[in-house]
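Undergrad: Sequence and predicted structure are below.
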Amino acid sequence: MLLPLSLVAIVTAWVLLLLQVEPVPTWFYVFVWYPTLVLMDEFGSRLDGRETMLWRRPMVYAFLWSPVVWFVFEVANFRLNNWYYVFLPHAGWERWLGIVLSFATVVPAVLLAERLMDAAGLFRRGKGPKIVIRTWELWFAVAAGIGMGVLALTIPQLFFPLIWGSVFLIVDPLVYFKQPSLSLLGDIARGYWGRIGRLMAGGLLIGLLWESYNYWARGKWIYTVPWLEELKLFEMPPFGFGGFPVFTLEAWSMYAAFCLLGVALQTNAVARIPTKRLAIGIPIGVVFCVFVLLGMEKRTISSYVPRIAGLPGVTQRTAAALEGTGIWDIFDLTEINPDQLAIEAGLTSAQATRVTDVAQLATLRGIGNAHAQTLLDLGINSICQLSQSDPASLHTDIKRNSERIRPSDAEVRVWVRAAGRDCARRLDLSQR
């Protein structure tokens, strides 16, 4: 029964996205990922004939600690500045709830993908030579992981990729010291590479799903990875997909560490966690998440969902006139002919043109109302004017008049490139 229901949920989410029925466009990622997890679980169960994983007690802890696992990388991104978030809800409680629900899927996706690969028979014969791992080699790996992390955070323009892998080298050896059977290095020592192979293959699979779901969502992340800002598959530079298999190893090891700390359970566990241990661990995790969310508000969340009310240059009377014509969504406003809008809303031609121009600015690549106001203050009144701007000079002008961290110089480059494409598209349409 769950299999058809999850398929219906995914199809429904896509339909509501296409129809732009909120809150689905903003939280599309959440609406499709949870039924996707059910699909992965159901297919895995049908392939191996065992009970489903998703509804067992250990998965509760996978969801619980998943945001903590991902927030470690969010903290690193405060320095790396490799991605940022756009078009999130205005209400803080909704924004934080949506972020936590989104990141709560990370560890369950890793665990379920590995199980699905195992059920499909992938790498079951992943036998290799047994490798003796010495104590000094484990400490060397920890030191190497720390060194990689320091390099990535100290010189992010050159060494940012090292963050992906550094956490694994720090955490997994520590897991190995305590319980080798949970450690992926322990697998290598036993000559069993199957789990590593499944995790990496599953990582590539869920990475593709993560990025494809994110690409179509309104509330999303945008990458500004050095060197490859213009070359993208979905929102991700193609070489970046190579980081997902490594990340899944890190997520596995970090969750294994939580199991060893006694605040999470292995997927096959039947025991219960002592209440006292959770009473200590959960508040620490909550405090960490709150501090990271506060940091994201300042450093990586760039814009909120643009609305007609609050759109720069749009008075309450004009907004009411637009609503009277049935235009409630600013994204609908961007494709309306100004002359038609003037007639339907009772605006002058100049007013209608300005409204549509500003709406197009605010909805372009996550700019939003606040950044659109900044651009208007600098004399940039349309996407075609934005497309003619020099990104470096524009960023300097913005920072001269604002103390906000965002937009970054890379984010402004995203705007200008997008404006160039959108302006060319609109000019082409007008000439047909």
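TA: Here it is on my side, so go on. Keep in mind the model is a prediction, meaning the values are calculated, not measured.
Undergrad: quick one: buried residues of whichever helix or strand residue 68 is part of?
TA: According to DSSP states H and E, residue 68 maps onto helix 57-80. By neighbour count on 16 or more other Cβ atoms under 10 Å, the buried set for helix 57-80 is 58-59, 61-77, 80. For every residue, glycine as well, the C-beta is placed using N, CA and C.
Undergrad: Check stretch 212-219 too.
TA: In terms of neighbour count (16+ other Cβ under 10 Å), stretch 212-219 has its buried residues at 213, 214, 215, 216, 217, 218, 219.
Undergrad: if we can go back for a sec, which helices and strands does the helix holding residue 68 pack with?
TA: Judged by 3 or more Cβ pairs under 8 Å, 6 or more residues apart in numbering; DSSP states H and E, the packing partners of helix 57-80 are helix 92-103, helix 106-119, helix 135-154, helix 163-178, helix 243-260, helix 275-299.
Undergrad: 6 Å instead, please
TA: helix 92-103, helix 106-119, helix 243-260, helix 275-299 (3 or more Cβ pairs under 6 Å, 6 or more residues apart in numbering; DSSP states H and E).
Undergrad: possible to save those helices as JSON lines with mean neighbour count and mean pLDDT?
TA: Converted to JSON lines, those look like this (neighbours: other Cβ atoms under 10 Å; pLDDT from 0 to 100):
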{"stretch": "helix 92-103", "mean neighbour count": "17", "mean pLDDT": "97"}
{"stretch": "helix 106-119", "mean neighbour count": "24", "mean pLDDT": "95"}
{"stretch": "helix 243-260", "mean neighbour count": "23", "mean pLDDT": "96"}
{"stretch": "helix 275-299", "mean neighbour count": "14", "mean pLDDT": "96"}
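Undergrad: quick one: low-confidence parts of the stretch 1-150 of the chain?
TA: The stretch 1-150 of the chain contains no residues with pLDDT under 70.
Undergrad: now with 80?
TA: Across the stretch 1-150 of the chain, the ranges flagged by pLDDT under 80 are 1, 124-128.
Undergrad: and if you look at the stretch 251-400 of the chain?
TA: Where the stretch 251-400 of the chain drops to pLDDT under 80, the residues are 269-270.
Undergrad: At which residues are the helices of it located?
TA: Here the stretch 251-400 of the chain has its helices, by DSSP state H, counting those that start in this stretch, at 275-299, 316-324, 330-333, 338-345, 349-363, 368-377, 383-387, 391-400.
Undergrad: and of these, who's closest to residue 44?
TA: helix 275-299 (27.7 Å; Cβ to Cβ).
Undergrad: quick check: angle from the closest one to helix 243-260?
TA: Following axes from the mean of the first three to the mean of the last three Cα atoms, to 10 degrees, one obtains 150 degrees for the angle between helix 275-299 and helix 243-260.
Undergrad: which residues make contact with helix 275-299 from outside it?
TA: 67, 68, 71, 74, 75, 78, 96, 262, 263, 405 (Cβ atoms under 6 Å, 6 or more residues apart in numbering).
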